[in-house]
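**Q** Sharing a model that was predicted from the sequence below.
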Amino acid sequence: MAYYTVCHLLHEDIYGHAKGSLDVEAKQMIDEVWDYILCRRELGQDVLQSGIPESSLKTMRRSFSYEYPLSLRSSGKDLISNHLTFCLYVHLAIWENQPEYWPEGIRCNGHLMLNGEKMSKSTGNFMILQDLVKKYGADATRIGLADAGGK
């Protein structure tokens with residue numbers, strides 16, 4: 001998840017073929033650079049040996065600092081035993097003494113059934129908030145969500 005906070009600066013396309021706005025090459029992203037961006041290490045000669053300008057390094061660190069912590073990771077129940085568990089392990093390993101960078105919450109979809117079918121976008125019985133607002137309007141969506149919480 002941390003990578004997503006800087007990837008838009010590193011490359012323009014999803015495949016990483018075109019360099020992003022900071023004009024950084026993949027080979028320049030050495031361990032010391034990642035430690036500077038993600039782990040709040042000092043900006044020393046070991047980081048600057050990457051050849052990345054100091055202003056670009058600070059831009060990436062600022063982007064990470066703005067986007068983290070990970071407020072909520074939402075995924076499917078089939079990923080609990082691997083992806084979501086390792087998400088926790090990795091965050092605890094990298095930021096062992098910095099709980100402010102740990103995920104604040106994990107939400108798992110796929111436990112609810114509707115008319116005997118799993119709830120998912122692929123079955124058409126699940127909508128994200130943006131789609132609800134487009135289809136029904138903001139006020140109707142608010143009323144529906146407020147009403148759904150009570151008995």
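**A** Noted; the coordinates are in hand. Remember, it's a predicted structure, so these values are computed and weren't measured experimentally.
**Q** roughly how far apart are the nearest residue to Gly76 once chain neighbours are set aside and Ser120?
**A** With sequence-adjacent residues excluded and distances taken as C-beta to C-beta, 6 or more residues apart in numbering, Gly76 is closest to Gly110, at 4.9 Å. For the C-beta atoms, the positions are set from N, CA and C on the backbone; glycine is no exception. Taking C-beta to C-beta, to the nearest Å as the measure, Gly110 falls 7 Å from Ser120.
**Q** just Met113 next, same as before
**A** 11 Å.
**Q** more crowded one of the two?
**A** Using other C-beta atoms under 10 Å as the criterion, Met113 and Ser120 rank with Ser120 on top: 14 against 10.
**Q** ok, that one touching Ile128?
**A** No - counting by C-beta atoms under 8 Å, Ser120 does not reach Ile128; the two are 11.3 Å apart.
**Q** need the contact list for the residue nearest to Gly76.
**A** Residues in contact with Gly110 (C-beta atoms under 8 Å, 6 or more residues apart in numbering) are Gly76, Lys77, Asp78, Lys118, Met119, Ser120.
**Q** again, only using 10 Å
**A** With contacts defined as C-beta atoms under 10 Å, 6 or more residues apart in numbering, Gly110 is in contact with Ser75, Gly76, Lys77, Asp78, Leu79, Ile80, Lys118, Met119, Ser120, Phe126.
**Q** can you list residues touching both of Gly110 and Ser120?
**A** Contacts common to Gly110 and Ser120, judged by C-beta under 10 Å, 6+ apart, are Gly76, Phe126.
**Q** Packing partners of the lowest-mean-pLDDT helix or strand in the chain?
**A** Ranked by mean pLDDT, DSSP states H and E, the helix or strand of the chain with the weakest confidence is strand 113-114, at a mean of 74. Of the remaining helices and strands, none touches strand 113-114 by 3 or more C-beta pairs under 10 Å, 6 or more residues apart in numbering; DSSP states H and E.
**Q** How far away from the center of its chain is whichever helix or strand comes after it?
**A** Counting by DSSP states H and E, the element after strand 113-114 in chain order, helix or strand, is strand 117-118. Relative to its parent chain, strand 117-118 has a centroid offset of 27 Å by C-alpha atoms, centre = their mean, to the nearest Å.
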